[in-house]
Structure formats: structure tokens, C-alpha cells
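Student: Curious how this folds, go ahead:
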Amino acid sequence: MTTATIPVIRNEEGFLLDPNDWTPEISQAIAAEEGIAELSERHWDVINSARADYEATGESPTLRRISKQSGVTTKELFKLFPKGPAKKISKIAGLDKPKGCV
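Tutor: This is a model prediction of the structure:
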């Protein structure tokens, strides 16, 4: 499954324009685009934590906040979501690009 087969609108960087369009299937498709073949239970812990934080604050969480809220170390986040974990987590979780990410 690819995001091309799922009717959602994304910006030029691939972030969903409306976080309410998010589904677990969309997460799987975006993760595959980002080079993550399969989302493990640990990935889902992080994704669900990021989404809960977004619902509470209205902003995509920073890497530090993701680590604190999910209980997953920064080192492990880099293993789970290589090369820019905060940005990848937000994209896969259907959230906005975190502030401060380039």
C-alpha cells in the first residue's frame, strides 16, 4: 500500500494537511516511504504517544518531549526512526512538522 492509494492531502514535504485524516494504514504507507519497512510495537508506542501529546498541546512534540512522554530513549528513537526522528515521527503520526526542524 502506498499513500498514492490513500486519499489524503499532504504538503510538499509529505506532512498531512489535516491530522484528522490520519489512520494506522496511512502511517504504514508513510513509514514505508521513509524507509521503515514495518512498524513494530515499539514504533506504535512512540507514534501513539506523539499523537496523544499533540492532542493535549496542539503542537507536534519535539524529540526531547517525545522521549520523555514515550519513555523511549533518544538513542532508541534514532534507531527506530533513523535520520531525523522527530520529523519522521510527526510525519508518520500524521502531525505537523515540529517547530525547529529544518
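Student: longest helix anywhere in this structure?
Tutor: If you go by DSSP state H, the chain has its longest helix at helix 41-57.
Student: what's the following helix or strand after that one?
Tutor: Next in sequence after helix 41-57, counting helices and strands by DSSP states H and E, comes helix 63-70.
Student: what helices or strands is that next one leaning on?
Tutor: Helix 63-70 sits against helix 41-57, helix 74-80, helix 85-92, with contacts defined as 3 or more CB pairs under 8 Å, 6 or more residues apart in numbering; DSSP states H and E. In this view, the C-beta of every residue, glycine as well, is placed from N, C-alpha and C.
Student: now the last one: how far from the chain's centre is it?
Tutor: How far helix 85-92 lies from its chain's middle: 4 Å, per CA atoms, centre = their mean, to the nearest Å.
Student: could you give the angle of it to helix 63-70?
Tutor: Taking axes from the mean of the first three to the mean of the last three CA atoms, to 10 degrees, one finds helix 85-92 and helix 63-70 inclined to each other by 70 degrees.
Student: Ok, the longest one next?
Tutor: On the basis of the same axes, to 10 degrees, helix 41-57 is oriented at 100 degrees to helix 63-70.
Student: Quick one: list the elements packing against helix 41-57.
Tutor: Here helix 41-57 is seen to pack against helix 63-70, helix 74-80, helix 85-92 when contacts are counted using 3+ CB pairs under 8 Å, 6+ apart.
Student: could you give the mean pLDDT of that helix?
Tutor: Mean pLDDT, computed over helix 41-57, is 96.
Student: on that earlier part again, could you save the helices and strands packed on helix 41-57 as CSV and add columns showing mean pLDDT?
Tutor: Below are the helices and strands packed on helix 41-57 laid out as CSV (pLDDT from 0 to 100):
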stretch, mean pLDDT
helix 63-70, 93
helix 74-80, 96
helix 85-92, 96
